[in-house]
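Colleague: Pasted the sequence and its predicted model underneath.
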Amino acid sequence: MPRLEKTLDEVRALLADAGVGSELHGDGGFLCHSVASLEQAGPDQLSFAKDERTLKATNTRAGALVVPAATTRLAAHQIVVDDPFAAFVVVLQHIDRERRRESAGVHPSAVVAESVSLGADVSIGAGVTVRDDAAIGDRTVLHANACVGPRSRVGSDCVLFPNVVVMEDVTVGDRVVVHGGTVIGCDGYGYLQREGRHLKIPQVGTVAIGDDVEIGSQVTIDRAALDATVIGRGSKLGDLVHIAHNTLVGEHCLILPLAKTAGGARLGDGVVLAGGAGAADGVTVGDGAMLGGNTISYRDVPAGAVLYGDPARPKARQLRIEAVLNRLPQMERDLRALLRRMERGSETE
């Protein structure tokens with residue numbers, strides 16, 4: 001259960017620190033032990049209703065609510081804000097920070113090279129390896145068995161969860177979160193075909209991860225053959241994403257689970273790759289464009305376009321194609337029946 005253990009006055013102080021104004025209806029000293037959904041919340045819990053329609057449709061036992069407008073029908077204790085969902089996210093962020101807080105220090109089983117630069121209040125867990133000339137920023141947490149390679153830089157306030165591997169010469173910005181099992185900076189898939197053989201092209205570039213990026217579990221981000229594979233500031237990558245060598249991902253992109261790029265793809269700012277979507281070799285996806293689930297683009301995508309299908313097509317066109325495909329079985333039956341009638345007609349002539 002997500003523990004909160006704060007009074008409503010303390011919750012309002014959290015919101016104020018995040019720039020969220022609020023109005024209290026009820027007792028500011030009311031203690032909220034934890035948070036829960038509207039449906040599951042009990043008398044000692046805090047919940048929220050994102051809009052008035054949700055509030056009217058729900059009978060909740062929550063002791064306190066974050067709401068868009070005060071109501072006498074439900075909880076006696078209410079915090080009124082303009083955007084309840086955003087305000088509740090501030091509360092959840094506080095809970096998340098507290099439950100994942102780690103003590104500063106280096107676990108005895110960790111292996112940290114003498115030439116490593118460690119910032120203030122760094123936490124290095126059991127079995128962690130930090131190689132020669134690497135640097136770890138202030139308040140960064142490396143969980144069990146994480147590995148940071150030679151000459152790599154991990155910024156401040158980062159979290160690397162268990163078994164994350166940051167290979168050599170990689171740069172990770174500030175406030176980056178990387179979930180378990182992800183590898184950043186593995187070799188790109190590059191081979192030169194000569195006389196029936198596949199000659200490995202050494203991948204001597206690097207990877208640069210911007211500030212405020214979050215990377216899911218089991219993600220692979222390949223280093224560039226030359227120059228850098230780049231993940232722009234504020235972008236969020238889901239589980240099992242693959243970013244190929246020399247890909248450039250813009251700022252504030254959303255790359256959902258199982259999405260992928262091929263070598264040299266370029267995603268503009270604010271691009272969305274839905275689950276399983278992909279951009280082929282060298283394809284440029286313009287700012288604000290979206291590729292729907294399992295869509296594969298083999299050609300450049302204009303800014304703001306919304307494409308679906310394989311190959312990628314404008315949404316309306318793809319929906320028409322799918323509608324026709326759904327009718328194909330009946331169309332086949334109709335065609336066979338027509339052919340049989342034609343054959344019988346020819347036999348009687």
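Modeller: Received it, and whenever you're ready, just let me know what you need.
Colleague: what residues go with each domain of this structure?
Modeller: Domain ranges of the chain: 3-99, 105-313, 314-348, per automatic domain parsing.
Colleague: Quick check: end-to-end length of the longest one?
Modeller: For domain 105-313, the first-to-last residue distance is 53 Å (Cα to Cα, to the nearest Å).
Colleague: same deal with stretch 167-176?
Modeller: End-to-end distance of stretch 167-176 (Cα to Cα): 16 Å.
Colleague: now stretch 242-262
Modeller: Termini of stretch 242-262 sit 9 Å apart (Cα to Cα).
Colleague: tell me the most buried of the domains of the chain?
Modeller: Mean neighbour count (mean count of other Cβ atoms under 10 Å) peaks for domain 105-313 among the domains of the chain, with a mean of 19. C-beta coordinates here come from the backbone N, C-alpha and C atoms, glycine included.
Colleague: Give me the average confidence score over stretch 103-121.
Modeller: Averaged across stretch 103-121, pLDDT comes to 96.
Colleague: what sits up against that stretch?
Modeller: Stretch 103-121 has contacts (Cβ atoms under 8 Å, 6 or more residues apart in numbering) with 122-140, 156.
Colleague: Tell me which residues touch the residue nearest to residue 218 when sequence neighbours are not counted, please.
Modeller: Counting by Cβ to Cβ, 6 or more residues apart in numbering, residue 218 lies nearest to residue 181, which is 4.6 Å off, once chain neighbours are set aside. Residues in contact with residue 181 (Cβ under 8 Å, 6+ apart) are 162-164, 217-218.
Colleague: Considering the residues you listed, which is situated nearest to residue 193?
Modeller: Nearest to residue 193 out of those is residue 218 (Cβ to Cβ; 29.7 Å).
Colleague: tell me the SS of the closest one?
Modeller: Judged by DSSP: H, G, I helix; E, B strand; the rest coil, the three-state class of residue 218 is coil.
Colleague: List the contacts of the closest residue to residue 268 other than its chain neighbours.
Modeller: Among residues not flanking residue 268 along the chain, residue 287 sits closest, at 3.7 Å (Cβ to Cβ, 6+ apart). Taking Cβ under 8 Å, 6+ apart as the criterion, residue 287 is in contact with 250, 268-271, 303-304.
Colleague: same check, this time on residue 61
Modeller: By Cβ under 8 Å, 6+ apart, the contact list for residue 61 reads 41-43.
Colleague: Put together JSON lines for those, with pLDDT, distance to residue 91 and secondary structure on each row.
Modeller: Listed next are the contacts of residue 61 as JSON lines, based on pLDDT from 0 to 100; distance: Cβ to Cβ, whole Å; DSSP: H, G, I helix; E, B strand; the rest coil:
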{"residue": "41", "pLDDT": "91", "distance to residue 91": "13", "secondary structure": "coil"}
{"residue": "42", "pLDDT": "92", "distance to residue 91": "17", "secondary structure": "coil"}
{"residue": "43", "pLDDT": "93", "distance to residue 91": "18", "secondary structure": "coil"}
